[in-house]
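K.L.:
model the following, please.
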Amino acid sequence: MQERKEENKLLQQQGLFSRIAARYDLVNHLMTGWQDNRWRRFAVKKLNLPQSARLLDIGSGNGQIVLEAGRQYPDCICVAADLTLAMLTVGKRKKFPIEPNWTAADSCKLPFPEGIFDGVISGFLIRNLGDIKVGLENQYRILKTSGRIAILDTTKPSNHILAPIIRFYMTTIIPIIGGLFTGNKEAYAYLNKSTEGFLRAEELAAYLAAVGFKKVAYRQFAFGMVTVHWGEK
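P.N.:
This next block holds a predicted model:
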């Protein structure tokens, strides 16, 4: 029963991201005032990859993280994996500093041997996982010893003085922007619900530590709406 529920959730997410794939990057830039580029740059830097590193970008979407990884680590070998074929199709049309190996993969069932990547990174993926622990365990498994993880995602902001404004922006303004540019307001309403139901930054850090990651740390942006976590195997 639980397995069928997870399959239905995956199908729902695939359908949602397929419908907004063509304008996904543009809407992300608009919603964040182009700050998403800065957050990706910071997350990729935290990987601290060695020369000729193997990098997995899981939930790669249209390849925005791959683009930044190619700028910072021009000799790395990158695998870009996503479950939504429409996203991969859009990504394949782009030109990158490094040419990624595109593959379809479920982040909770990664089809890679143990200990082959120097780094694993994701952007706006973890909050959509049916089982966060299983997803993180998979990423831990495919990392080499001393390999590093970086996670960029929205997080549930703390209750501070700006919380009502942030909540209004997320629940009202973002769906309007997404609807105007993709014709799918419901998709962006879902994305915000997934943030509201997600973890706080310190809770996700605890998940990383529980899976086995060491030197876990994080930095928050946009008044706590966005967080970059990192750690080491």
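K.L.:
against residue 91, how distant is the most centrally placed residue in the chain?
P.N.:
In the chain, the centroid-proximal residue (CA atoms, centre = their mean) is residue 123; its distance is 2.0 Å. When CB to CB, to the nearest Å is applied, the distance between residue 123 and residue 91 equals 13 Å. Every C-beta, even on glycine, is put in place using the N, C-alpha and C of the backbone.
K.L.:
now do the shared contacts for those two.
P.N.:
Counting by CB atoms under 8 Å, 6 or more residues apart in numbering, the shared contacts of residue 123 and residue 91 are 60, 61.
K.L.:
show me what contacts the residue nearest to the centre of the chain?
P.N.:
With CB under 8 Å, 6+ apart, residue 123 has these contacts: 40, 43, 57, 59, 60, 61, 64, 65, 152, 153.
K.L.:
and which of those residues is nearest residue 200?
P.N.:
Relative to residue 200, the closest of those is residue 153; by CB to CB it sits at 11.6 Å.
K.L.:
so how far is the helix or strand where the closest one lies from its chain's centroid?
P.N.:
Assigned by DSSP states H and E, residue 153 belongs to strand 143-154. Once both centres are worked out by CA atoms, centre = their mean, to the nearest Å, strand 143-154 turns out to sit 11 Å from its chain's centre.
K.L.:
stretch 38-53 now?
P.N.:
Taking mean C-alpha positions (CA atoms, centre = their mean), stretch 38-53 and its chain are 14 Å apart.
K.L.:
can you show me the CA trace of that stretch as PDB?
P.N.:
Extracted as PDB, the C-alpha positions of stretch 38-53 are listed here (Å, rounded to 0.1, in the frame of the first residue of the first chain):
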ATOM      1  CA  ARG A  38      24.300  32.800  -6.300                       C
ATOM      2  CA  TRP A  39      23.000  29.900  -4.200                       C
ATOM      3  CA  ARG A  40      24.000  27.300  -6.700                       C
ATOM      4  CA  ARG A  41      27.500  28.900  -6.900                       C
ATOM      5  CA  PHE A  42      27.800  28.600  -3.200                       C
ATOM      6  CA  ALA A  43      26.600  25.000  -3.100                       C
ATOM      7  CA  VAL A  44      29.000  23.900  -5.800                       C
ATOM      8  CA  LYS A  45      31.900  25.600  -4.100                       C
ATOM      9  CA  LYS A  46      31.200  23.600  -0.900                       C
ATOM     10  CA  LEU A  47      31.900  20.400  -2.700                       C
ATOM     11  CA  ASN A  48      35.600  21.300  -2.800                       C
ATOM     12  CA  LEU A  49      36.200  18.700  -5.500                       C
ATOM     13  CA  PRO A  50      39.600  17.300  -6.300                       C
ATOM     14  CA  GLN A  51      41.000  17.300  -9.900                       C
ATOM     15  CA  SER A  52      39.200  15.100 -12.400                       C
ATOM     16  CA  ALA A  53      36.500  14.400  -9.900                       C
END
